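> predicted model and sequence follow; I will ask about them next.
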Amino acid sequence: MFQAMKEARRLRAFREDLPVLRELCRPGPEVRLLDVGGGTGAVTEAFAKGCGEIVVIEPDGRRIAAGSVRRPAIRFVPGTAESIPFPPGSFDCVTAIVSFHHLHDQSRALSEMRRVLRDGGRLVFMDFYPDSGTGRLLRFVGGSLHRHGLRPPEQVTETVRSAGFREVGLRRGRRGFYVSAMK
């Protein structure tokens with residue numbers, strides 16, 4: 001019951017982001033999508049609907065268990081972005097929705113995301129502005145966990161370029177920013 005209420009609240013918070021995420025991800029029956037740090041898959045399910053295969057990689061076993069029960073159409077896999085347990089070229093799209101700032105080694109994670117993307121595959125992620133109300137709250141509550149990871153959008157796009165991605169785009173939103181890129 002509590003989990004369902006938490007997910008409903010999260011989906012309401014992401015309501016205006018979902019169309020942008022769908023546009024950037026371009027779901028379709030031939031698309032294999034990997035969501036890095038997708039939790040229980042509530043937001044993933046909403047923006048990735050229509051993909052041929054949806055996989056969530058998540059380090060928290062409780063979230064995997066809850067998501068597996070609530071969303072049997074999504075495959076949940078334990079793991080981290082820094083060591084994605086799939087062979088090269090496995091996915092058409094890799095996403096990280098407000099999880100990029102949690103990653104301990106963002107450069108390594110980007111390298112792994114690029115590795116599991118097929119040639120021409122898309123990277124899409126959304127994160128919060130570091131100086132927004134949400135960003136300041138995360139840094140206050142999360143301390144050093146969020147302090148190192150929440151970075152200005154221009155800095156993040158440069159990190160993505162440095163990881164070997166091309167056609168790196170930045171799109172600004174009200175609550176956060178979106179980065180998209182091609183392998």
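Perfect, I can see it now. Numbering: from 1, shown residues only.
> residues in contact with the longest strand along the chain?
If you go by DSSP state E, the chain has its longest strand at strand 117-128. For strand 117-128, the surrounding residues in contact (CB atoms under 8 Å, 6 or more residues apart in numbering) are 17, 20-21, 24-26, 89-101, 110, 113-114, 134-135, 138, 150, 156, 160, 165, 173, 175-183. Placement of C-beta: from N, CA and C, glycine included.
> checking the most centrally placed residue in the chain next. Helix, strand or coil?
Nearest to the geometric centre of the chain sits residue 96, at 1.2 Å (CA atoms, centre = their mean). At residue 96 the chain is in strand, as set by DSSP: H, G, I helix; E, B strand; the rest coil.
> show the contacting residues for the spatially closest residue to residue 181 that is not a sequence neighbour.
Nearest non-adjacent residue to residue 181, counting by CB to CB, 6 or more residues apart in numbering: residue 165, 3.7 Å away. Residue 165 makes contacts with 110, 114, 123, 181, 182, 183, as judged by CB under 8 Å, 6+ apart.
> most widely separated two among those residues?
110 and 182 (13.3 Å; CB to CB).
> and those two? Which one has more around it.
Using other CB atoms under 10 Å, the more surrounded residue of residue 110 and residue 182 is residue 110, with 27 against 14.
> neighbouring contacts of the helix or strand harbouring the more buried one?
Residue 110 belongs to helix 106-116 when elements are defined using DSSP states H and E. In this structure, residues lying in contact with helix 106-116 by CB under 8 Å, 6+ apart are 34, 36, 80-84, 86-91, 94, 96, 100, 103, 123, 149, 159-160, 162-165, 183.
> next, the buried residues of that helix.
If you call a residue buried by 16 or more other CB atoms under 10 Å, then helix 106-116 has these buried ones: 106, 109, 110, 112, 113, 114, 115, 116.
> what about the third one, distance to residue 175?
Computed with CB to CB, to the nearest Å, the distance linking residue 110 and residue 175 is 23 Å.
> check the second one too.
Residue 109 is 22 Å from residue 175, where distance means CB to CB.
> tell me the confidence at residue 146?
As predicted, residue 146 sits at a pLDDT of 44.
> now residue 22. Nearest residue, chain neighbours left out?
Using CB to CB, 6+ apart, the nearest residue to residue 22 is residue 47, at 5.2 Å.
> mind listing what that neighbour touches?
17, 18, 21, 22, 25, 27, 95, 97.
> and the strand or helix carrying the fourth one, what's buried?
Using DSSP H and E, the secondary-structure element containing residue 22 is helix 18-25. Using 16+ other CB under 10 Å as the test for burial, helix 18-25 gives 20, 21, 24, 25.
> where do the strands sit along the protein?
32-36, 53-58, 75-78, 91-97, 117-128, 166-172, 176-182.
> got the contact list for the shortest one?
This means strand 75-78. Contacts of strand 75-78 (CB under 8 Å, 6+ apart): 41, 53-59, 61, 64, 67-68, 85.
> before I go, just wanted to say thanks for your time.
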